[in-house]
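below is the structure, and that's it, no one-letter string:
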């Protein structure tokens, strides 16, 4: 039977893996950073730059946001999220669960799903495993995420166990509904293909917070259902970095080697390198664009903030070691002026650079794994990163 | 003696002229629309698009804004506005007068100049013909505007006469200071050139509101001083369109044929066509980007507003007759979604299209003048423009 995605490990260096995910719409080299296009666009950066300059092969879309606005039916009318947005490479869509549990205050959770009020207009809305799969089928993304419950970062062990058990039941229901939707041809992104099924892929999510035994239990329950890939949820939600790293160290090597591993919502450049070293293949995070909008720039020598007065007369680029079109042309002094003057282009330029920096960093990570020099790369990268950290940032 | 700019009329069709302005930094075909880059950037649109796609040869910078922030000294430190902003084609800078007289409430006008409070921090500032020339020399623009007084649109005949007499005295002082600055090498944009002087050009401004005799008087006083080009100020400041058109009809043919004629701060696509038909060569206006930021799009079939609910499921481009990179790719339905979702890219896309539409319209205007078919072009363009005017805009 043809698969929705192909996954090949090309090289392994310690626990770090370099591989290739082939979806119906693009070939994705891993470890990969997936820029987050929450509302079907990249905040402040045109797709043209992501395609032609950065060569991003996959981006995220947020089910919660698109479900509320413009709504699944509008996007289905356009023929899916690719045709609506014109991004014709791969999309990964989250399930909407994370946003419901973190963005909205008013919600009622039960076995069936979660009722909540839209943050846009206060209207009553409902998401469940089934609804999430239906919305993601209308979006037609290449990689669909199961609908999971995300307990608060500080939930105790019993609450966390109850939550992961619910997540496991929801994962099963997600898969059942997902399979039916694929069968019924409800996936708006379907592509005829000789190599692949042309259908959507479905990823499971391992929860369990900082508790190793719960992580183990959640992993087993999730793998038992069987997915095209496995994600690690519930990290980078406020816990100490050492907790995240130790969970990854414990969990990642136990995850199926024949499936990609995706660490959700993480993180800083340092986090990415550390997680790759522990066996993670895929990442997404809003930091490059969110920081970009408030003047925060990631550089090979640490984070800086363009608002800093010391940049007023600085005619050097954000990162002299970066080859992106912003760093090849524009100076910190000029971008600082644009930021101070309230010009949108400030956010555009910094977001662009940040995305380019993240994607280029992952390119270097892949090269180092393939040449068996990841450990040296990691150590040099991290020490350079700390060289000039701007505490004002 | 080598000149700062060369001006050649290539073709004349009725009163409409097609020509070429050669500055030290670019060759500008006229009639030309000059996009307004108030703070040294184009709001929402990267220079790369203006250069590579739209092929804009000249943009505006605003002396008032750049004088207050980041300040002339910062820009001089960078080597001028071209080096600071990286726009390496021509800049025209206004004198700051218009903004002082229209943006700031607190001002004290006397023969020497005008004292005002910065709209940014309330600090006391002073602009005069001399200061304006000094700031524009620090910016290093290709075309410098004299410092003029702009009376309110509803000023009576006596107030208008007094004002244009002050403007004439200021024009003379502007030229004296300007010449001295060029002599002293204070122009930060100087370029070695075998054909041109490599220095800045200076344009005079004709005032006189809607009074023909005052326009005539102002024109005479200005031409007597002698400038590289002549601008028409004080139109499109709230008067009836018919007043603007009749002033242009009266004034433009009397202006020196051997100098470019620049209508300041105008206007809609219709205004541009009408003014070209009356002999104007140069235009600038914030409308393409200002409207773009509130959802207003100029199209060959009239203005539309992307917020209109009728566009929700519309998968056609903003203007099906437009070949810009936004119209070739993105739909009204998608851009409307971005607007509603508060995404910067909505403003980016509409501003980009609007600028492309203005520049392409002027390209067509030039072609029609050169082929002697401007009258037919004007009539077809204007009737198409009214075909589908969206009164909701």
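The structure has been received and is ready for your questions. Model, not experiment: these values are computed from the prediction.

distance of the closest residue to residue A:98 other than its chain neighbours from residue A:327?
Excluding its sequence neighbours, the residue lying closest to residue A:98 (C-beta to C-beta, 6 or more residues apart in numbering or on different chains) is residue A:150, at 5.2 Å. (Glycine included, C-beta is placed from N, CA and C.) From residue A:150 over to residue A:327 the distance is 36 Å, taken as C-beta to C-beta, to the nearest Å.

sec struct for the residue nearest to residue A:337 when sequence neighbours are not counted, please.
Nearest residue to residue A:337 in three dimensions, chain neighbours excluded: residue B:70, at 4.7 Å (C-beta to C-beta, 6+ apart). Following DSSP: H, G, I helix; E, B strand; the rest coil, residue B:70 is assigned to coil.

residue B:70 against residue A:313, yeah?
No - applying C-beta atoms under 8 Å, one finds residue B:70 not in contact with residue A:313, separated by 9.1 Å.

of these two, which one has the most company?
The neighbour count for residue B:70 versus residue A:313, taken as other C-beta atoms under 10 Å in any protein chain shown, is higher for residue B:70 (24 against 15).

next up, the contacts around the more buried one.
A:312, A:333, A:337, A:340 (C-beta atoms under 8 Å, 6 or more residues apart in numbering or on different chains).

ditto for residue A:332
Applying C-beta under 8 Å, 6+ apart, the residues contacting residue A:332 are A:304, A:306, A:311, A:314, A:315, A:316, A:317, A:318.

next step: the residues you listed restricted to strands.
The members of the contacts of residue A:332 that map onto strands under DSSP state E are residue A:304.

quick one: buried ones out of the contacts of residue A:332?
By neighbour count, with 16 or more other C-beta atoms under 10 Å in any protein chain shown, the contacts of residue A:332 hold A:304, A:306, A:311, A:314, A:317, A:318 as buried.

just the closest of the residues you listed to chain B, please.
residue A:314 (9.7 Å; C-beta to the nearest C-beta).

now the closest one: how far from residue B:77?
Taken as C-beta to C-beta, the span from residue A:314 to residue B:77 is 10 Å.

quickly list what's touching both of residue B:70 and residue A:313.
Common neighbours of residue B:70 and residue A:313 (C-beta under 8 Å, 6+ apart) are residue A:333.

which one in chain A is furthest away from the centre?
What lies farthest from the middle of chain A is residue A:313; by C-alpha atoms, centre = their mean that is 36.2 Å.

kindly state the pLDDT recorded for that one?
Per-residue pLDDT puts residue A:313 at 98.

in the helix or strand of chain A with the lowest mean pLDDT, what's buried?
Least confident helix or strand of chain A, by mean pLDDT, DSSP states H and E, is helix A:97-103 with a mean of 85. By neighbour count on 16+ other C-beta under 10 Å, the buried set for helix A:97-103 is A:97, A:98, A:99, A:100, A:101.

closest to chain B out of those residues?
residue A:99 (14.1 Å).

which residues does stretch A:242-260 contact?
Contacts for stretch A:242-260 (C-beta under 8 Å, 6+ apart): A:7, A:9, A:15, A:19, A:21, A:30, A:206, A:210, A:212, A:215-216, A:219, A:223, A:227-230, A:232, A:235-236, A:261, A:263, A:266-267, A:271, A:274-275, A:278-282.

if I pick the residue lying closest to residue A:58 once chain neighbours are set aside, what's in contact with it?
Ranked by C-beta to C-beta, 6+ apart and with sequence neighbours excluded, the top spatial neighbour of residue A:58 is residue A:90, at 3.9 Å. By C-beta under 8 Å, 6+ apart, the contact list for residue A:90 reads A:23, A:25, A:26, A:28, A:57, A:58, A:59, A:141, A:142, A:143.

enumerate the residues of chain A near chain B.
A:39-46, A:48, A:65, A:69-70, A:74, A:77-78, A:83-86, A:312-313, A:315, A:325, A:329-331, A:333-334, A:337-338, A:340-341, A:343-345, A:347-348 (C-beta under 8 Å from any C-beta of the partner chain).

each with direction, which strands does the following helix or strand past the least confident helix or strand of chain A pair with?
Per DSSP states H and E, the first helix or strand lying C-terminal to helix A:97-103 is strand A:107-109. Strand A:107-109 has the following sheet partners, assigned by DSSP bridges: strand A:114-117 (antiparallel).

mind listing what's buried in the strand it pairs with?
Buried residues in strand A:114-117 (16+ other C-beta under 10 Å): A:114, A:115, A:116.

tabulate those residues (TSV), appending pLDDT and distance to residue B:182.
As requested, those are exported to TSV (pLDDT from 0 to 100; distance: C-beta to C-beta, whole Å):
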residue	pLDDT	distance to residue B:182
A:114	95	71
A:115	94	73
A:116	93	67
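
export those residues to CSV and tack on distance to residue B:366?
Converted to CSV, these look like this (distance: C-beta to C-beta, whole Å):
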residue, distance to residue B:366
A:114, 61
A:115, 61
A:116, 57
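
for the residues you listed, which one is nearest residue B:371?
residue A:116 (63.0 Å; C-beta to C-beta).

residues contacting the closest one?
Counted by C-beta under 8 Å, 6+ apart, residue A:116 has contacts A:100, A:104, A:106, A:107, A:108, A:124, A:125, A:126, A:127.

quick one, what contacts the first one?
Taking C-beta under 8 Å, 6+ apart, we find residue A:100 in contact with A:64, A:107, A:114, A:116, A:127.

before we move on, back to that, restricted to buried residues, select the contacts of residue A:116 in ChimeraX.
To isolate the buried subset of the contacts of residue A:116 in ChimeraX, counting by 16+ other C-beta under 10 Å, use the following:
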select /A:100,125,127
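
so which one among the contacts of residue A:116 has the lowest pLDDT?
Lowest pLDDT among the contacts of residue A:116: residue A:104, 67.

show the buried residues in the contacts of residue A:90.
Here, 16+ other C-beta under 10 Å leaves A:23, A:25, A:28, A:57, A:58, A:59, A:141, A:142, A:143 buried among these.

now whichever helix or strand residue A:18 is part of: average pLDDT?
Using DSSP H and E, residue A:18 sits within strand A:16-22. The average pLDDT within strand A:16-22 is 98.

how about stretch A:51-59?
98.

now do stretch A:351-358
Mean predicted confidence for stretch A:351-358 is 98.

mind listing residues that contact it?
Taking C-beta under 8 Å, 6+ apart as the rule, stretch A:351-358 contacts A:33, A:35, A:42-45, A:49-50, A:53-54, A:56, A:269, A:272, A:287-289, A:291-293, A:296-300, A:318-319, A:322, A:324-327.

which of the residues you listed are buried? Put it as a PyMOL command.
This is the PyMOL syntax for the buried subset of the contacts of stretch A:351-358, where burial follows 16+ other C-beta under 10 Å:
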select buried, chain A and resi 33+35+42+43+44+45+49+50+53+54+56+269+272+287+288+289+291+292+293+296+297+298+299+300+318+319+322+324+325+326+327
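
filter the contacts of stretch A:351-358 down to the ones in strands?
Per DSSP E, the subset of the contacts of stretch A:351-358 in strands is A:33, A:35, A:296, A:297, A:298, A:299.

quick one: distance of stretch A:337-349 to the chain centre.
26 Å (C-alpha atoms, centre = their mean, to the nearest Å).

and the closest residue to residue A:375 other than its chain neighbours, how many neighbours?
Spatial nearest neighbour of residue A:375, chain neighbours left out: residue A:14 (6.5 Å); criterion: C-beta to C-beta, 6+ apart. By other C-beta under 10 Å, 14 other residues sit near residue A:14.

and residue A:320, by the same measure?
10.

phi first, then psi, for the nearest residue to it once chain neighbours are set aside.
Among residues not flanking residue A:320 along the chain, residue A:327 sits closest, at 7.4 Å (C-beta to C-beta, 6+ apart). Backbone torsions for residue A:327, taken as degrees, to the nearest 10, come to phi -70, psi -30.

equivalent analysis for residue A:387, please.
The phi/psi pair for residue A:387 (degrees, to the nearest 10) is phi -60, psi -40.
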